[in-house]
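*Asks:* one predicted model, sequence on top.
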Number of protein chains: 6
Amino acid sequence: MKTLTHVDERGEDPRMVDVSGKTVTDRTAHAQARVLFPRDIAQTLSDAGFMTKKGAVLTVAQIAGVMGVKATSQLIPLCHPLSLNGCRVEITMEGDEAVIDCRVSCQGKTGVEMEALTGASVAALTIYDMCKALSHDMVIREVKLMGKAGGKRDFLRIEA
Amino acid sequence: MKTLTHVDERGEDPRMVDVSGKTVTDRTAHAQARVLFPRDIAQTLSDAGFMTKKGAVLTVAQIAGVMGVKATSQLIPLCHPLSLNGCRVEITMEGDEAVIDCRVSCQGKTGVEMEALTGASVAALTIYDMCKALSHDMVIREVKLMGKAGGKRDFLRIEA
Amino acid sequence: MKTLTHVDERGEDPRMVDVSGKTVTDRTAHAQARVLFPRDIAQTLSDAGFMTKKGAVLTVAQIAGVMGVKATSQLIPLCHPLSLNGCRVEITMEGDEAVIDCRVSCQGKTGVEMEALTGASVAALTIYDMCKALSHDMVIREVKLMGKAGGKRDFLRIEA
Amino acid sequence: MKTLTHVDERGEDPRMVDVSGKTVTDRTAHAQARVLFPRDIAQTLSDAGFMTKKGAVLTVAQIAGVMGVKATSQLIPLCHPLSLNGCRVEITMEGDEAVIDCRVSCQGKTGVEMEALTGASVAALTIYDMCKALSHDMVIREVKLMGKAGGKRDFLRIEA
Amino acid sequence: MKTLTHVDERGEDPRMVDVSGKTVTDRTAHAQARVLFPRDIAQTLSDAGFMTKKGAVLTVAQIAGVMGVKATSQLIPLCHPLSLNGCRVEITMEGDEAVIDCRVSCQGKTGVEMEALTGASVAALTIYDMCKALSHDMVIREVKLMGKAGGKRDFLRIEA
Amino acid sequence: MKTLTHVDERGEDPRMVDVSGKTVTDRTAHAQARVLFPRDIAQTLSDAGFMTKKGAVLTVAQIAGVMGVKATSQLIPLCHPLSLNGCRVEITMEGDEAVIDCRVSCQGKTGVEMEALTGASVAALTIYDMCKALSHDMVIREVKLMGKAGGKRDFLRIEA
């Protein structure tokens, strides 16, 4: 059974937090997204070398992911615009899931975790778009931060 | 145990599929994303009326979701640009999860499921951004299509 | 003496209003912005043929205005994206003021008044940018709708 | 009576002025825009807690303002793209006017006055959009720079 | 010997031409761009299957071309924004040249030749970017319209 | 006679190359594009002072070029986003050709040659757009890098 929390918002103005006082450091972040295919669709895609009538599913998704990383501050309202040092999106199949790993680095005053998460999300959405003629039963099953370094507090996800 | 599928892509050129021959119809789509908070963070946010130092979490996320819907064809490489009739992003709390429902309508030759999925994803990413000073243990747990209508084949997700 | 109204926002979700039921008509809108220069700056600009070290002030502003019109739905969160039939930005000097008239037309289900207002605003901001090396005492004195036609209710501003 | 100045533009090429030789400093700017409502509309909005069928007027405008700040160099043709340290948009009611204060900070070679002015303008346009179903007699009455610091010449507007 | 034409521009305001009176038709356009590689670079790329340390040259270029098509009205100041029916970018090698063919279709009041030319140009620029670690002696040798249909006057390029 | 090279792409993931280890230097680049007009069109344009019904051809193209420079990292998938110090687009007529020179400078870890090439291309495309009502026989005849400085290897094109 579900409970519906009443939401009462007020008080603070939305703001891009001031980072004037923070120091410039080398920062990295790694996010992961997973797209779960129905069993038969995963098989069909695998048999076809992940090629659909729209083209090469995984390559298009990788490129979309990199471009998504660059679009982050335009999509997330209170996210700082920043320069990037590098970005890589890798996609592998684990059983019936496409696993997207997006790694981003920058030299700046704020972290790049939103960039990594956004890149992984856009790559996942693109996989969906490339394959949706086959099925709408695909699910983007998880988007999460795996790790970040270079800021005040590092983070590393521990999974069982 | 996991198996790694070898991916060999070749053959088809990437393309925006030609919809010249399709008829213009009224189309709707509904996508849902879920952001799972650690128990104590959910409590903290609830106590604070979902207000953080960056502002009103859910309202900022709703607006980001609507703007994300409008940015879809710029993010998803082979997605058609199209006009929209309307768009609504609702967010409710179910236990420790923020549930984002994004509904989009248009009159056109292609469906708006990618728009709905993108809007839900951007709203989820924005919730993450608004709350990440509290924890990085949040997870965007699911992004999926709930239903679509008006195209060649309607879709309605059946959940247990 | 000023009174500060307390603002208590809650209730409605932000939404792009659904226009599915509206009919497609030819629509036009006309907005005007005015940039007031300090007297001596107006004279300096006039003497220089409105040419600064950044280039031709008014031409750059006109082009920025047209491009601003096209960016409207990306800037105004709940504004519908739409196709345009035409757009023209004219700028004339009236005394010490640059008067920007932005006219937009489309065939669609929603009006183009936000497009006209945004185009006029962006042109005014561009004039400011082109001239700000001379002075920061310029003021964008007014941005307002002069008229619109083709929707449920026409509008024509009556000025004394 | 009005005089129409003849404009004859020629000579200089439009250019993004070279700032290679300038030093990197902490810079801030503050701009203000004012939206004047007809008396009865101001009352209606106030009674409704500034909530219209499109949602929470002022919150949507604040967020649009922050995103407008980030879009500045894409809107103003000869404006430098730059990183930002922070940004805040506040809106208060003074009588029948919504007063928008947009403050921006960066560390760079150029000032952020265009960013502040653009953010204030986009917030004002968004207020217009959120309320235009009530009236088109609203006027964006003023957009002006209130102050800037950190560059070659500071600026502080003195008002009576 | 070269002659330098004096350019004296004045008179007409820049405008997005009004197409209100034009009829909606099915329109297509085909543009071509050619990237000429130095002989040894063409050989190196061919030997490597057009794979560089940045990834698959031609696939990345194709996708960039399709996204460039969709960005046309944001890049070309007086170009109409429009919906698209389809788009395809093909790249083949002819001797030492990469030949990019970009085909676009829409149903609208204006042609899509600028979209096709922009898509071909962005694909060519992307090939350059993917290969520039090898040489800067590449040249985008030609960007031209090959044909268009559906407007007032069709066009078909005749080449010797 | 032409030979068609078979393209077999695989292996490397597309990536934005990591420049974390590179040093920040002052960098400049100069690119050139040429638009060849049919003889009679060149004459018509020259007689009209390069003014068409869409406005001042060369000024609009210059501004589009500068804005194109700023859009580079959004258009070229694996290009780094970066700050710019300055940008200038000059256009001169040489016989029947419009010659576009785009010069860009930045202080950063990567060069600005893609920015210069993109700016020159967008200016060339804009000239085409401004003049296409006269003829479609125009050709963007060449887009090439003329020089770059400030990186690991400088480049200067030597032409006969």
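*Replies:* Cool, the structure landed.
*Asks:* quick one, helices of chain A?
*Replies:* A:39-47, A:57-75, A:113-131 (DSSP state H).
*Asks:* nearest to chain D, of the ones you listed?
*Replies:* Proximity to chain D (Cβ to the nearest Cβ) singles out helix A:57-75 among those, at 5.9 Å. Any C-beta I mention is one placed from the backbone N, CA and C, and that applies to glycine too.
*Asks:* in stretch A:92-106, what's buried?
*Replies:* A:93, A:96-106 (16 or more other Cβ atoms under 10 Å in any protein chain shown).
*Asks:* is chain E within reach of it?
*Replies:* No: Stretch A:92-106 lies apart from chain E when judged by Cβ under 8 Å from any Cβ of the partner chain; the minimum separation is 14.8 Å.
*Asks:* just how off-centre is that stretch within its chain?
*Replies:* Computed by Cα atoms, centre = their mean, to the nearest Å, the chain-centroid distance of stretch A:92-106 equals 9 Å.
*Asks:* same check on stretch A:100-117?
*Replies:* Using Cα atoms, centre = their mean, the offset of stretch A:100-117 from its chain centre is 10 Å.
*Asks:* likewise stretch A:42-58?
*Replies:* 21 Å.
*Asks:* do you have the strands of chain A handy? List them.
*Replies:* Using DSSP state E, the strands of chain A run over A:4-5, A:15-16, A:25-36, A:51-52, A:55-56, A:86-94, A:97-108, A:139-149, A:155-156.
*Asks:* among these, which is the most enclosed?
*Replies:* Highest mean neighbour count among the strands of chain A (mean count of other Cβ atoms under 10 Å in any protein chain shown): strand A:55-56, with a mean of 26.
*Asks:* that strand and chain E in contact?
*Replies:* Yes: legend: contact between strand A:55-56 and chain E by Cβ under 8 Å from any Cβ is shown at A:55-56.
*Asks:* now that strand: mean pLDDT?
*Replies:* For strand A:55-56, mean pLDDT rounds to 87.
*Asks:* sheet-wise, list the partners of that strand with their directions.
*Replies:* strand A:51-52 (antiparallel) (DSSP bridges).
*Asks:* please look at A:C131 and A:M138 and confirm they touch.
*Replies:* Yes: using Cβ atoms under 8 Å, A:C131 is in contact with A:M138, at 6.4 Å.
*Asks:* for chain A, give me the ranges with low pLDDT.
*Replies:* For chain A, the stretches flagged by pLDDT under 70 are A:1-11, A:160.
*Asks:* for chain F, what's its nearest residue on it.
*Replies:* Counting by Cβ to the nearest Cβ, chain A gets nearest chain F through A:G86, at 3.2 Å.
*Asks:* ok, what's across the strand from that residue?
*Replies:* Beta-bridge partners, per DSSP bridges, of A:G86: A:S105.
*Asks:* show me what contacts it?
*Replies:* When contacts are counted by Cβ atoms under 8 Å, 6 or more residues apart in numbering or on different chains, A:G86 touches A:104-105, F:15-20.
*Asks:* including distance to C:A124, could the residues you listed go into a markdown table?
*Replies:* As requested, those are exported to a markdown table (distance: Cβ to Cβ, whole Å):
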| residue | distance to C:A124 |
| --- | --- |
| A:V104 | 37 |
| A:S105 | 40 |
| F:R15 | 42 |
| F:M16 | 37 |
| F:V17 | 41 |
| F:D18 | 42 |
| F:V19 | 39 |
| F:S20 | 42 |
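*Asks:* enumerate the residues of chain A near chain D.
*Replies:* Checking chain A against chain D by Cβ under 8 Å from any Cβ, the hits are A:13-20, A:73-74, A:77-78, A:80-83, A:108-109.
*Asks:* now the buried members of those residues.
*Replies:* Going by neighbour count (16+ other Cβ under 10 Å), those have A:13-17, A:19, A:73-74, A:77-78, A:80-83, A:108-109 buried.
*Asks:* quick check: the farthest pair among those?
*Replies:* Pairwise distances across these (Cβ to Cβ) peak at 27.2 Å, for the pair A:D13 and A:S83.
*Asks:* hmm, back to that, closest to E:G68 out of the strands of chain A?
*Replies:* strand A:55-56 (15.9 Å).
*Asks:* report the beta-bridge partners for A:G55.
*Replies:* Beta-bridge partners of A:G55, as defined by DSSP bridges: A:T52.
*Asks:* please read the previous query as pertaining to A:T28.
*Replies:* Here A:T28, judged by DSSP bridges, has bridge partners A:S105, A:A149.
*Asks:* residues contacting it?
*Replies:* A:103-105, A:112, A:147-150.
*Asks:* for the most centrally placed residue in chain A, what are its contacts?
*Replies:* In chain A, the residue lying closest to the centroid (Cα atoms, centre = their mean) is A:A120, at 2.2 Å. By Cβ under 8 Å, 6+ apart, the contact set of A:A120 is A:31-33, A:65, A:89, A:100-102, A:143.
*Asks:* of the residues you listed, which pair is most distant in space?
*Replies:* Within the contacts of A:A120, A:V89 and A:V143 form the most distant pair, 13.1 Å apart (Cβ to Cβ).
*Asks:* I'd say A:K132 and B:E113 touch.
*Replies:* Yes: the pair A:K132 / B:E113 is scored as a contact, 6.8 Å apart, by Cβ under 8 Å.
*Asks:* quick one, which of those two is more surrounded?
*Replies:* More crowded of A:K132 and B:E113, by other Cβ atoms under 10 Å in any protein chain shown: B:E113, with 25 against 20.
*Asks:* is stretch A:65-75 anywhere near chain B?
*Replies:* Yes: counting by Cβ under 8 Å from any Cβ, chain B is contacted by stretch A:65-75 at A:67-68, A:71, A:74-75.
*Asks:* tell me which parts of chain A are close to chain E?
*Replies:* So chain A meets chain E at A:55-56, A:59-60, A:62-64, A:67 (Cβ under 8 Å from any Cβ).
*Asks:* how about these in TSV, adding distance to A:R157?
*Replies:* TSV is the format used below for the residues of chain A next to chain E (distance: Cβ to Cβ, whole Å):
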residue	distance to A:R157
A:G55	33
A:A56	30
A:T59	27
A:V60	27
A:Q62	22
A:I63	26
A:A64	24
A:M67	25
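*Asks:* filter those residues to the buried ones?
*Replies:* Judged by 16+ other Cβ under 10 Å, buried ones among the residues of chain A next to chain E: A:55-56, A:59-60, A:62-64, A:67.
*Asks:* which among these gets closest to chain C?
*Replies:* Using Cβ to the nearest Cβ, these come closest to chain C at A:M67, 16.3 Å.
*Asks:* show the contacting residues for the residue of chain A found nearest chain D.
*Replies:* Here chain A gets closest to chain D at one residue, A:D18, 3.2 Å apart by Cβ to the nearest Cβ. Going by Cβ under 8 Å, 6+ apart, A:D18 touches D:85-86, D:88, D:105.
*Asks:* at 10 Å instead, please
*Replies:* Neighbouring residues of A:D18 by Cβ atoms under 10 Å, 6 or more residues apart in numbering or on different chains: D:28, D:84-88, D:103, D:105.
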